[in-house]
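>>> Please work out how this folds:
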Amino acid sequence: MLIQRAVLLDGTATDVRVDERIIDVGDLVPHKGEQVLDAAGGAVIPGLHDHHVHLRSAAAALTSARVGPSEVKDRADLARALADAAVGSDGWIRAVGYHEAAAGPLDRDVLDEVSPSVPVRVQHRSGVLWTLNSAGLARVGLTDHPDGRLRSADRSWSDTLQRDESGLAVVSRRLSEYGVTGVTDATPDFEVSDIVKLIEAHRRGELRQRVRCLAPGKRILHDGDLDLAELTAWIAGRHAADAPVAVHCVTAAQLVVTLAALREAGTHPQDRIEHAAVVPDDSVA
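The predicted structure follows:
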């Protein structure tokens, strides 16, 4: 494709020839049969790369009920949102974005009070926790679970769920509309089979973006079991193999423990802290 009458970010007016990548820039003449787009003086930039996205979760969220503080103000609102939610083809109601500010702490008993009798699972806004009602716990074989609060990273229960990736093409189209031509999937504990599925979706054209995936070495922390010695040993083991670590920190406690572990274990040039959602002033340096 030849893009004519385009303007670069430095103000230069030019033509740009593109395929999957930019091929040529300058005063260009269309090839025979080449598609020509008149940019009419509009600015053009190279494709953007989203370095942190969870494609499967984003696809599933398209068919999930939204129950965050913007949509839910109390338990009555939560009950209405779940009652109005469609039951998926897998028999579940899936809700996302929950935070305690919406309707208070959530466990299986609260969810049983406000949710339909079908299996329901509600994801916390942090992404690290799901709460299931009793029908949902029975579905995943955890009928006697005390509170229905399950870790996202615990595959002993999540692997029993039917994967819904029907929204992948929609997510890809939305990313394209924002100019995103490449993504890095940051889902922890990705297996080779997961990566192959994304590559195949790209080849089929279902996923338009070029796909990269994080190497193993991502840890999602939880405030209830912050183990400094264990985290330090894990980091040291990764570094001994000349591999970096990525630590998901969304609270101040998680950040402080991670910094202490990195100070003890030493750092790798490619180590990183993901999100850093709460950073006390004395932790910035």
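
>>> Tell me if I'm right that residue 173 and residue 208 touch.
Yes. With contact defined as C-beta atoms under 8 Å, residue 173 reaches residue 208; the gap is 7.4 Å. For the C-beta atoms, the positions are set from N, CA and C on the backbone; glycine is no exception.

>>> between these two, which one's more packed in?
Per other C-beta atoms under 10 Å, whichever of residue 173 and residue 208 has more neighbours is residue 208, with 16 against 12.

>>> On the three-state scheme, the nearest residue to that one once chain neighbours are set aside is what?
In space, and not counting its chain neighbours, residue 208 is closest to residue 172: 4.8 Å by C-beta to C-beta, 6 or more residues apart in numbering. Classification of residue 172 by DSSP: H, G, I helix; E, B strand; the rest coil places it in helix.

>>> One more: the one 3 residues further on?
Using three-state DSSP, the secondary structure recorded for residue 175 is helix.

>>> Ignoring the adjacent residues along the chain, who's closest to it?
Nearest residue to residue 175, sequence neighbours excluded (C-beta to C-beta, 6+ apart): residue 209, at 5.9 Å.

>>> Next, that neighbour: phi, psi?
In terms of degrees, to the nearest 10, the main-chain angles of residue 209 are phi -80, psi 150.

>>> who touches it in this structure?
Residues in contact with residue 209 (C-beta atoms under 8 Å, 6 or more residues apart in numbering) are 50, 172, 175, 176, 180, 181, 182, 183, 202.

>>> who wins for most neighbours among those residues?
That'd be residue 183 among the contacts of residue 209, by other C-beta under 10 Å, with 27 neighbours.

>>> That residue should be in a strand, yeah?
Yes. Counting by three-state DSSP, residue 183 is found in a strand.

>>> Residue 255 versus that one, what's the distance?
The gap separating residue 183 from residue 255 is 26 Å, by C-beta to C-beta, to the nearest Å.

>>> Correct me if wrong: residue 107 contacts residue 133.
No. Counting by C-beta under 8 Å, residue 107 stays clear of residue 133, with 9.7 Å between them.

>>> hey, what's in contact with both of residue 173 and residue 208?
Common neighbours of residue 173 and residue 208 are not found (criterion: C-beta under 8 Å, 6+ apart).

>>> which residues of the stretch 51-200 of the chain fall in helices?
All helices of the stretch 51-200 of the chain, identified by DSSP state H, counting those that start in this stretch, fall at 55-61, 75-84, 100-103, 108-114, 134-139, 155-158, 168-177, 192-204.

>>> Alright, I will stop here.
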